[in-house]
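Colleague: need a structure here:
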Amino acid sequence: MDGTIDRRFVGGVLLAGGVLAMVGNGLHPILDPDSGATQLVAIAGDTAYWSALHLVVVLAVVLLTAGTVLFARGFTGTAGESAAWLAAVLAVIGGSIFALQLGGLDGAVMTVLAEELAAGGDEAALTATASAMAALDVGLLGIVTIVYLGGTFVALGWAMHVTAISAPWIRWTALVAGGAGVVVGTLMYLRVADGVAFYGFRLVALAVTVAALGLAVELRRSEAPAGVPTSAAPA
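Modeller: As a prediction, this is how the structure comes out:
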């Protein structure tokens with residue numbers, strides 16, 4: 001692997017992102033797969049830390065995206081260079097959409113709608129707005145699952161695989177979870193098999209977070225100083 005990255009620093013960025021993602025997902029209220037827009041707005045209104053929670057998850061996405069881009073630099077000149085840079089591009093695109101979806105729609109818009117309903121606003125108009133925002137939310141989440149959780153980790157896993165970088169379980173977790181993310185995201189976007197997509201998204205998100213954490217710990221444990229090439233891990 002190219003020695004142009006500070007492995008401990010990149011590992012720290014990925015570790016911070018992974019930990020925040022775990023905390024955010026752990027504190028997120030459990031939703032029913034059949035929940036409608038009004039139920040989602042009600043949960044947002046009843047959860048005092050709703051906006052703060054989504055800010056935490058947005059920070060997790062930003063850090064994981066940054067860590068992926070920084071990690072991709074280390075593949076310069078290797079067989080995995082193209083795949084690594086594809087992962088970086090997909091991470092930036094998908095991570096940007098994800099941050100807007102989580103922070104803008106889930107964290108901010110749903111909170112405002114809940115406050116307006118609680119204040120006695122026009123229920124019919126607010127319910128229609130909530131339905132439209134919920135549909136947009138699901139659509140964006142489907143795209144995010146395909147591009148960010150799916151494509152990014154397939155490309156990153158392949159880059160690690162062809163260069164024999166990182167432990168085999170990390171590479172294969174990234175590859176399999178990423179592939180599942182593409183399938184689940186497609187189902188979600190097309191509104192097909194909603195129950196499968198609902199639970200599948202959570203499994204994919206958990207798996208890619210575990211892969212990111214495993215990679216982070218591995219990089220943090222590296223004794224190689226920044227700027228010094230290191231040998232690849234055995235396949």
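
Colleague: and residue 98, what is it in contact with?
Modeller: Applying C-beta atoms under 8 Å, 6 or more residues apart in numbering to residue 98 gives the contacts 61, 144, 148. To be clear about C-beta, it is placed using only N, CA and C from the backbone, and glycine gets the same treatment.

Colleague: Could you measure from it over to residue 163?
Modeller: According to C-beta to C-beta, to the nearest Å, residue 98 stands 27 Å off from residue 163.

Colleague: same check, this time on residue 206
Modeller: Residue 206 is 26 Å from residue 163, by C-beta to C-beta.

Colleague: And for residue 139?
Modeller: For residue 139 relative to residue 163 (C-beta to C-beta), the value is 36 Å.

Colleague: out of the two, which sits in the more crowded spot?
Modeller: residue 163 (22 against 15; other C-beta atoms under 10 Å).

Colleague: correct me, but the more buried one touches residue 79?
Modeller: Yes - at 5.6 Å, residue 163 and residue 79 qualify as touching, with contact defined as C-beta atoms under 8 Å.

Colleague: can you pull the buried residues of the worst-scoring helix or strand of the chain on mean pLDDT?
Modeller: Sorting the helices and strands of the chain by mean pLDDT, DSSP states H and E puts helix 37-46 at the bottom, at a mean of 82. Within helix 37-46, the residues that count as buried by 16 or more other C-beta atoms under 10 Å are 37-38, 40-45.

Colleague: And stretch 73-90, by the same measure?
Modeller: 74-75, 78, 80-81, 83-88, 90.

Colleague: How far away from the center of its chain is that stretch?
Modeller: With C-alpha atoms, centre = their mean, to the nearest Å as the basis, stretch 73-90 stands 19 Å off its chain's centre.

Colleague: circling back: and the buried residues of helix 37-46, which is closest to residue 70?
Modeller: residue 44 (33.7 Å; C-beta to C-beta).

Colleague: which ones are touching the closest one?
Modeller: Applying C-beta under 8 Å, 6+ apart, the residues contacting residue 44 are 50, 106, 110-111, 113-114.
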